[in-house]
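# Build me a model from this:
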Amino acid sequence: MSTIDLSLDNNNEITFQVNIEGSSPALPSCRFLIEGHEMSFAFPGEIEKDGTVNVSVPPLEKVLREGSYKSGLEVIVDDRVFVPLEVEVNFEKSVRVTAEAVSRKQKSIRSASARLIGTSVRSSNKTKQQQVLIKESQPRDVVNVVKNSSTRDSEDTRKEVRMNDLSESQIRNLIRDMIK
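Now for the predicted structure:
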């Protein structure tokens, strides 16, 4: 049994050569049969005077799947059916290339950075001024607390304090003083 490759999504033209012999042949007719799993299809063929048969098979992509199907050419003469040729038909979809533009929204990456250079905190007593400075060269958990007195003769007293050594209430008070 030979195999014919046909396109499942395009028109197909098949040509056969048929010889009819007999004493008084009547007008013959022919059809091409394709046996599907759920139903069979018959397509009429046109017989030329020289014995060639042309069959047109339309696109069958909506009723058949890709694959192989039994088929054959039936010739009907004087109410008698002859099957001179049986073939296997292999249906495949034609090659299609499609492209689609896809645009993706980029997530905007927002970032903020800040660096505390220094603050000055004024206490309610106008004679004393307290300054809190965080220097870049020191580790981030170290805070210099500088106490200034209003008199010119007194010296600044500096005290280095680690943030880990402060209690929560001391940190809150320090932040409140920085905000004022």
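
# Give the residue spans of this protein that score low on pLDDT.
When residues are selected by pLDDT under 70, those of the chain lie in 23-25, 106-161.

# what's the helix or strand T15 falls within packed up against?
Counting by DSSP states H and E, the secondary-structure element that holds T15 is strand 12-17. Applying 3 or more Cβ pairs under 8 Å, 6 or more residues apart in numbering; DSSP states H and E, one finds that strand 12-17 contacts strand 2-7, strand 52-57. C-betas here are computed from N, CA, C, even on glycine.

# 10 Å - rerun?
Here strand 12-17 is seen to pack against strand 2-7, strand 29-35, strand 40-47, strand 52-57, strand 67-77, strand 80-92 when contacts are counted using 3 or more Cβ pairs under 10 Å, 6 or more residues apart in numbering; DSSP states H and E.

# And those strands: which comes nearest R176?
Taking Cβ to Cβ as the criterion, strand 80-92 is the member of those that comes nearest to R176, at 79.3 Å.

# returning to that earlier point: what's the angle between the strand holding T15 and strand 2-7?
Computed with axes from the mean of the first three to the mean of the last three Cα atoms, to 10 degrees, the direction of strand 12-17 lies at 150 degrees from that of strand 2-7.

# list the buried ones in strand 12-17?
N12, I14, F16 (16 or more other Cβ atoms under 10 Å).

# TSV please, covering those residues and showing distance to F82.
Supplementary listing: these in TSV, determined by distance: Cβ to Cβ, whole Å:
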residue	distance to F82
N12	23
I14	18
F16	13
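
# which residues does E74 form a beta bridge with?
Per DSSP bridges, residues listed as beta-bridge partners of E74: R31.

# Any idea how many residues pack against it?
In terms of burial, E74 registers 16 neighbours under the definition other Cβ atoms under 10 Å.

# these two touch, right, it and P84?
Yes: the criterion here is Cβ atoms under 10 Å, and E74 meets it with P84 at 8.6 Å.
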